[in-house]
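A.B. asks: I would like to see how this sequence folds:
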Amino acid sequence: MSECRPRGGIIERNSNGLDPGTSRAGKRQKNDGTVSRQPADTAEYALPATSRAGLAGLTRWEHWRHTSALLATVVLAACAMAASWSSRHWPLVNDAALMHYVVLLMQAGMTPYRDIGDINLPGAYVPEWISTLLARTLGLCLASVWRLMDLAAVVLAGLAMLRIAGRSRWFAGVFAGTLFALYHGRDGIGQAGQRDLWLTMLLLWAVAVLHSAWPETHNRTTGRWQGKIFGFGLLVGAATMIKPFEAMFLVCLLPWLARAAGGPAGGTALFRGRALGMAAAGFSLPLLLAGCFLAHWGALGALAFVLRVDLPYHVLLARVPFWQLLRASSIASVAKLELLLVACWVACRIAGRVQLSGILSGSRPGDLHRRPGFPKPGSSRDRACERTLLLAVLLGLVSFVAQGKGFPYQRYPFVAFLLLYSGLQFTAAVRSNRQLPRALGVAGFGFGVLLMAPSYLRAVEKAQWSTPTIAAMEQALLREAGPQGVRALDGEVQCLDLITGCTDALLHLGAREATGTVYDEFLFPQALAGSRGETLPPPGDLPAAVLHGQQQFREALEAHPPRDLIITEWLFPQGPGRYRKLELWPWFHAYLAAHYRLAEQHDFVRAENGPMGFRLYVRRDETFR
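C.D. replies: Okay, here's the model as predicted:
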C-alpha cells in the first residue's frame, strides 16, 4: 500500500482551529506571497500546541517502542531459526507422502481420477510435482527437498503479511508471519507441507495484491490497476484449485472490490464491470489450465464423478458437531490472544483516539507527529481495507467449519489472518496517547513474543512421528521380495490403508501398487453422520461412492491379483479398528481367506494418526475362479 510521508514537524492551530497561514479553503500563504494548495482536511488532523515536557515524554515512549520492536524481532527470528534447524530432519510422511505417491503413479502412466482413486483437486499436486522434479533433477533426497519447500511456503506467507502491513507497520507483519510459521511447526511432522498451508500463502498474497490496488483505484490508472485485480483473481483461483471452499474469498470480496472500483464518487458501471471482469478472468485461468491438464489425460469425466459422488461422501464422514468445531478453531494460546485482541479493540474504541478504520491505511490517530494530507479516517478506501481483512478472518473460520473434520491444518487460513489482524490492532494501540490501549497493545505483543513463540518452539523440538511402522512395512515387503528386492515389488503389492503409513513405505521403496486404490474408505462402508454410535448402512443400500470403489477394486483384483497385500488395523476416519473393517465387505473377506495367507502381523502403540498395526498377506499358489 502506498504510504504518505511526513513533510514537516508539528502542525499547530491558530484560534480558528487552522494552521497558521491556512485559510478555510485549504490554501497556505507562503513568505514570497505565492499560494500553495494542500488538502482541506489537513486541519482536522492538526493537534493543539503541546508543551516541551509532553513532547519529551512522547519521544521517550516512541524510542522505547522502536527499541522494543527491534528486540522482539530478534527474539522471534531466533525462535524461527531454532525451529527450522530442529525440523531439518523431518521425514516425508502422512498426507504429503500420499500426495507424492499419487504423483509417482501419474508419472508411471496411470490416469488421475480414473485409474487412481483420489479426491484432491489438481492444484493440490503442483507442489508435490515440483518437489519431485527438483529432487530428480538436483539428485537430492525427496524428503529434504520437501522440507525446504515447506519452509519456503511459510516464508512466502510471512512476506505477504509484511506487504499487507506496510513499512509503517512492519513489526505487525514480522509478528504475524513468525508466529504463523511457528504455529505451523507446532502442529508436528505430519502437517508439514499440507495443502492448506499452500492455499493460505496464496490467499495472503491475494489480499496483499488487493490492498495494493486501492490507491490506484481512486486514480483510475486502468492499466496497472487492472493487472493487480487480475492477479488477485488468479491467486484466489489457484487456491480454489487446491480446495473449492476458497472460492468464497472471490465471491465475498467482490462487493468491496466493486465499491472500490467506483472511486470516491461512485464511478461508472463500465469501470466496475471492467474490475469484476478482470478478477473473473484471473480466477478462471487456473481452472482453465487444470481443465487442459485433465483433458490431456482424458480424466475430465472421472473428476466430475469424484466431485459429484466421492467428495460428498468423504465430506459426510466423521463430521464434528458445530460447537465443537468452534472450540477447535483456536488452540489455548490463540484463544488467549483473541481475548487480548477484543480487549484492545474495546479500549481503543472507548479511548476514542485510535480508530480501527485507520489501521491498514497507516494513519496514526494517537501520534503528535501528524502526516499532512493523509486520507480521512472512515473513508471508503479505509473501510474497504478494514472489512477485507476482517472478512478474510471470518472466511477462514467458515472454511474450517465447512470442512467439518476439525483437523489442525484446516485452521491455517483462519489463524494466519487472525494473527495479522491482531498484530495490526496491537500496533495501532501502542501508538495511542492513552495508557489503557498502550498497555493492552504491549500485553498482546508481549504474550505473542514471550509466551507463544517459545512454547511453539518447544513443541517443534519435541515433535515425533511413528516411523517404526513404516520401517517394519518396508522390511516385511523386502523379505517377501527375496533377492530381486524392490523390482519384484513393483506392481505386485497392494495397500488397504490411507494414513497408517503403507503408501509412505511404497514411496520410499519406489514401488507401484497393483491397483490405483489409495483410499480404503471407499471400500468399506462407514456411518455418514460422523458419530461412532451410528448404525452402518445395510449391505443392499451402500453409498454410490462405496459401490463404485468396490467394483473398481474387485475388477482390478480379479484381473491381476497382487502377490502381497498389506492391510492396516484401522479404517480412516472413524473406525472400526482391530481389523474389523474386513467384516464390512463380506466378498473381500471371503476372497482374502481363500486366496491369501497371513504371513506377518505387527502391532504398535497407537500414534498421532491412529492405531498403527498392520498385517501382511501373501498370495497362495491357486488363483481365484
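A.B. asks: Give the buried residues for the biggest helix by length in the chain.
C.D. replies: Determined from DSSP state H, the single longest helix within the chain is helix 52-86. For helix 52-86, burial by neighbour count (16 or more other CB atoms under 10 Å) applies to 58, 65, 68-69, 72-73, 76, 79-80, 82-84, 86. (Glycine included, C-beta is placed from N, CA and C.)
A.B. asks: contacts for the following helix or strand past that helix?
C.D. replies: Helices and strands here follow DSSP states H and E; after helix 52-86, the next one along the chain is helix 94-107. Defining contact as CB atoms under 8 Å, 6 or more residues apart in numbering, one finds that helix 94-107 is touched by 92, 112, 115-116, 118, 120, 124-125, 128-129, 131-132, 142, 146, 189-195, 465, 498-499, 501, 503-504, 506-507, 510, 512-513, 516, 518, 609.
A.B. asks: for helix 94-107, what is the average pLDDT?
C.D. replies: Mean pLDDT, helix 94-107: 91.
A.B. asks: Name the residues that touch the helix or strand following that helix?
C.D. replies: Counting by DSSP H and E, the next helix or strand C-terminal to helix 94-107 is helix 126-138. By CB under 8 Å, 6+ apart, the residues outside helix 126-138 that reach it are 96, 99-100, 102-104, 107, 140-142, 144-146, 149, 153, 193, 198.
A.B. asks: Repeat the analysis, applying 6 Å as the threshold.
C.D. replies: Helix 126-138 is contacted from outside by Met99, His100, Val103, Leu142, Val145, Trp146, Met149, Trp198, using CB atoms under 6 Å, 6 or more residues apart in numbering.
A.B. asks: Can you add neighbour count and give those back as TSV?
C.D. replies: Formatted as TSV, the contacts of helix 126-138 follow (neighbours: other CB atoms under 10 Å):
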residue	neighbour count
Met99	25
His100	24
Val103	22
Leu142	19
Val145	20
Trp146	26
Met149	18
Trp198	24
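A.B. asks: Now flag whichever of the residues you listed is closest to Phe322.
C.D. replies: Set against Phe322, the nearest of the contacts of helix 126-138 by CB to CB is Trp198 (27.0 Å).
A.B. asks: So what's the gap between the strand or helix carrying the closest one and the chain middle?
C.D. replies: Following DSSP H and E, the helix or strand that holds Trp198 is helix 195-212. Computed by CA atoms, centre = their mean, to the nearest Å, the chain-centroid distance of helix 195-212 equals 8 Å.
A.B. asks: repeat for stretch 331-348
C.D. replies: Taking CA atoms, centre = their mean, the mean C-alpha location of stretch 331-348 is offset from the chain mean by 22 Å.
A.B. asks: can you tell me the average pLDDT over stretch 61-75?
C.D. replies: In this model, stretch 61-75 carries a mean pLDDT of 90.
A.B. asks: Equivalent analysis for stretch 241-258, please.
C.D. replies: On average, the pLDDT along stretch 241-258 is 80.
A.B. asks: What are the contacting residues of it?
C.D. replies: Residues outside stretch 241-258 that contact it (CB under 6 Å, 6+ apart): 121, 123-124, 195, 199, 203, 236, 239-240, 272, 275, 283, 286, 290, 384, 387-388, 391, 395, 399, 402.
A.B. asks: Since that was my last question, I'll sign off now.
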